[in-house]
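Colleague: sequence and computational prediction follow.
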Amino acid sequence: SQQGEEDPQALSIQEGENATMNCSYKTSINNLQWYRQNSGRGLVHLILIRSNEREKHSGRLRVTLDTSKKSSSLLITASRAADTASYFCATAPSGAGSYQLTFGKGTKLSVIP
Amino acid sequence: DAGVIQSPRHEVTEMGQEVTLRCKPISGHNSLFWYRQTMMRGLELLIYFNNNVPIDDSGMPEDRFSAKMPNASFSTLKIQPSEPRDSAVYFCASSLLAERGEQFFGPGTRLTVL
């Protein structure tokens, strides 16, 4: 079953603008991860946020987690054409089986030069 | 490190044929995952190995699918016989700490079954 659901499904912005993607999930999690996938390539891990964390930064990326709302957001600041890709959130459940990442269907981001 | 290596990158076969996909995980990683990605269903976990032992194969769709990991540096996913609905991109991923850790994905094998 699909755990993480990204929103929007597609996003088109101008280079230099910020991009925000959201993820909602349904069950208790141990952590939530964001991945990027360029067309025709494998997924690349971007950032992991644990259930007891509320915000995390990595370079131009900022991730927030609200466990009470079961939602997360990924903010990419000062976007570049090279950021064009699909972005997926993946949840690791709490308890046994936390190896089992469940991926959403992704947000397709297009950054126009 | 070369990252996760998968072969072949593309495979086109006819219905009924046997297909074998190969994966070499990152050296030192003790966990290996096989995923399938389609437009309709997104990314689905097929099977998870830990220390070469299959731990969870609940995602394997049918008996036509089988996976092995004979040693820490090699795994195969076999489909026999293949069907058109098996057409998808198959990814292998490895992890140092499967429980709660990040996964490193290979480039994938795009399988087309005619």
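Modeller: That came through fine.
Colleague: could you list the low-confidence segments of chain A?
Modeller: Residues of chain A that meet the criterion pLDDT under 70 lie in A:1-4.
Colleague: sorry, wrong one. I was asking about chain B.
Modeller: Scanning chain B for pLDDT under 70 picks out B:1, B:98-100.
Colleague: so which bits of it are right by chain A?
Modeller: When proximity is defined as CB under 8 Å from any CB of the partner chain, chain B approaches chain A at B:4, B:31, B:33, B:42-43, B:45, B:48, B:50, B:55-56, B:91, B:93, B:95, B:98-108. All C-beta atoms are positioned from the backbone trio N, CA, C, and that covers glycine.
Colleague: 7 Å instead?
Modeller: Within chain B, the positions adjacent to chain A are B:31, B:42-43, B:45, B:48, B:56, B:91, B:98-100, B:102-108 by CB under 7 Å from any CB of the partner chain.
Colleague: the residues you listed in helices, which ones?
Modeller: Counting by DSSP state H, none of the members of those fall within helices.
Colleague: what's the PyMOL line that selects buried ones from these?
Modeller: Command for PyMOL, covering only those of the residues of chain B next to chain A found buried under the criterion 16 or more other CB atoms under 10 Å in any protein chain shown:
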select buried, chain B and resi 31+42+43+45+48+56+91+98+100+102+103+104+105+106+107+108
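Colleague: take the residues of chain B next to chain A and keep only those in strands.
Modeller: B:S31, B:G42, B:L43, B:L45, B:Y48, B:D56, B:F91, B:F104, B:F105 (DSSP state E).
Colleague: B:D63: which of these is nearest?
Modeller: Among these, B:D56 lies closest to B:D63 (CB to CB), at 16.6 Å.
Colleague: ok, the closest one touching B:L46?
Modeller: No. Here B:D56 does not reach B:L46: they are 9.5 Å apart, not a contact under CB atoms under 7 Å.
Colleague: which residues does the nearest residue to B:I55 once chain neighbours are set aside contact?
Modeller: Among residues not flanking B:I55 along the chain, B:Y48 sits closest, at 5.1 Å (CB to CB, 6 or more residues apart in numbering or on different chains). B:Y48 makes contact with A:Y99, B:S31, B:F33, B:I55, B:D56 under the criterion CB atoms under 7 Å, 6 or more residues apart in numbering or on different chains.
Colleague: swap in 10 Å and give it another go.
Modeller: A:97, A:99-101, B:31-35, B:54-59, B:67, B:93, B:95, B:98 (CB atoms under 10 Å, 6 or more residues apart in numbering or on different chains).
Colleague: interface residues of chain A facing chain B?
Modeller: Contacts of chain A with chain B, taken as CB under 10 Å from any CB of the partner chain, map to A:2, A:4, A:30-31, A:33, A:35, A:37, A:40-48, A:50-51, A:88, A:90, A:92, A:94, A:96-106.
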